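Chemist: sequence below, structure please.
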Amino acid sequence: MTENRKRSRRRGCLITIIILVGVLLLSGTVSGLTNIGLPQPQHSDRLDSLDKSRLAEALNIKAKLGDALWPAWAATKNPVLLFNHAYEFLLDYPDQPPAGWEVVPQDSFDGEAYYRREAVDPQNFAIPVGGLWVASMATKTEADVFLIDTFRSVFPPPLKQIFPYRLMIQPSETQIGGVLHEDFHVFEQTSAPQRLIHAEAAHGSGDRYEAASEAFKSQLKQEADLLAKALQAKTDTEAAELVRQFLQVRDERRNTFHLDQALVDYERWLEWEEGMAKYVEMDGYRLASQTAGYAPLPEMANDPFFKSYRKFNSRWSQELFQLRNPSGSGEIRFYDTGMAQSFLLDRLKPDWKKTVMQNGVFLEDLLRQAVAGK
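Modeler: Numbering: from 1, shown residues only. Next comes the predicted model:
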């Protein structure tokens, strides 16, 4: 795995939260004193109560709302790995873990022992531990520190000192959604292992794709704009027409710029692998926000960064902005376009989840079926 790919995995779904340009315009009025008390790297050899509560809440969403989100996935129970700056923690592992893991003494999660080891290049993704696949995700503090450090590294010296990094601290819903995102990658791995192998291999075309995409970035933006408009369409007929336009522009771009099969597959595989996982992340947030009778776990009341899912509409607006204005690595745009296609399939082809794990099936293919004849 390349260093750029590892860095992308460390970002995981968190890099999709864009810091709006307007924040920069306001930052001149904010003193550097706002950066006192920013989160610092965690070196604790056990999870704190908030880490456990956030994980429990993610699993609560899966248990209570999973059938509405993705029924086949909802029934799965996967181990989870959370990591801070110094340690990895393995939870809900049904067997004795392999050598190198030790029981965390005098501590438990949901009444069961859990394990730790010193951090060994942890990633946000599905990873093998022993004979099982595990959903691996940074703790909220680790993710906040990483995001702040990433942005600090690209700012010029004057801005480094005065930028109000506190505005970049994410709500706990982001980390909760991240656990769902990575857990879904485990589902992809166990449901369609060969497909995930192909998807991971497609990342190897990233540098060549980025070089080629300089020539057609305006068309990529046009495609993203059409997807965003389709998501906001008032009627199914309007949404279907915008999807047809999206598919037409995409086909014309690929033909005009003579994209070979590897570069076409790069787009399709990333949308399948990462776009669907981001869809699960965001739709879990939506369902927790909008489902009558759903209540977060009582212990979430002790989390000062938890907004009780009230900020979903704001987050959704950010996602639409980012869909239209991609930032970060080139791969990230396909998290967003894949997520958008997944939500549109919910609207235009509600049974799409029954076939999307099958060989040869991609999101755009299902959209073509959905709008054919409409």
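
Chemist: and Ile127, what element?
Modeler: When elements are assigned from DSSP states H and E, Ile127 belongs to strand 125-129.

Chemist: which parts of that strand are buried?
Modeler: Phe125, Ala126, Ile127, Val129 (16 or more other CB atoms under 10 Å). The way it works is simple: take the backbone N, C-alpha and C, and place the C-beta from them, glycine included.

Chemist: the lengthiest strand in the chain versus strand 125-129: what angle between them?
Modeler: Ranked by residue count and defined by DSSP state E, the top strand of the chain is strand 132-138. Here strand 132-138 runs at an angle of 130 degrees relative to strand 125-129 (axes from the mean of the first three to the mean of the last three CA atoms, to 10 degrees).

Chemist: what pairs with strand 132-138, parallel or antiparallel?
Modeler: strand 80-83 (parallel), strand 125-129 (antiparallel) (DSSP bridges).

Chemist: chain center to the last one, what's the gap?
Modeler: The reference is to strand 125-129. For strand 125-129, the separation from the chain centroid amounts to 16 Å (computed by CA atoms, centre = their mean, to the nearest Å).

Chemist: quick one: mean pLDDT for it?
Modeler: Mean per-residue pLDDT for strand 125-129: 96.

Chemist: now what about that strand, what contacts it?
Modeler: Applying CB atoms under 8 Å, 6 or more residues apart in numbering, the contact partners of strand 125-129 are 9, 12, 79, 81, 90, 93, 97-98, 133-136, 182, 185-186, 188-189, 196.

Chemist: mind listing the strands for the stretch 101-250 of the chain?
Modeler: Taking DSSP state E, counting those that start in this stretch, the strands of the stretch 101-250 of the chain run over residues 102-103, 115-118, 125-129, 132-138.

Chemist: take those and lay them out in TSV including distance to Leu167.
Modeler: TSV is the format used below for the strands of the stretch 101-250 of the chain (distance: least, CB to CB, whole Å):
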stretch	distance to Leu167
strand 102-103	39
strand 115-118	32
strand 125-129	28
strand 132-138	20
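
Chemist: what's the most buried one of those strands?
Modeler: With neighbours taken as mean count of other CB atoms under 10 Å, those reach their highest mean count in strand 132-138, at a mean of 25.

Chemist: could you identify the helix or strand that succeeds the one helix or strand Ser289 maps to?
Modeler: Using DSSP H and E, Ser289 maps to helix 276-290. Counting by DSSP H and E, the next helix or strand C-terminal to helix 276-290 is helix 312-324.
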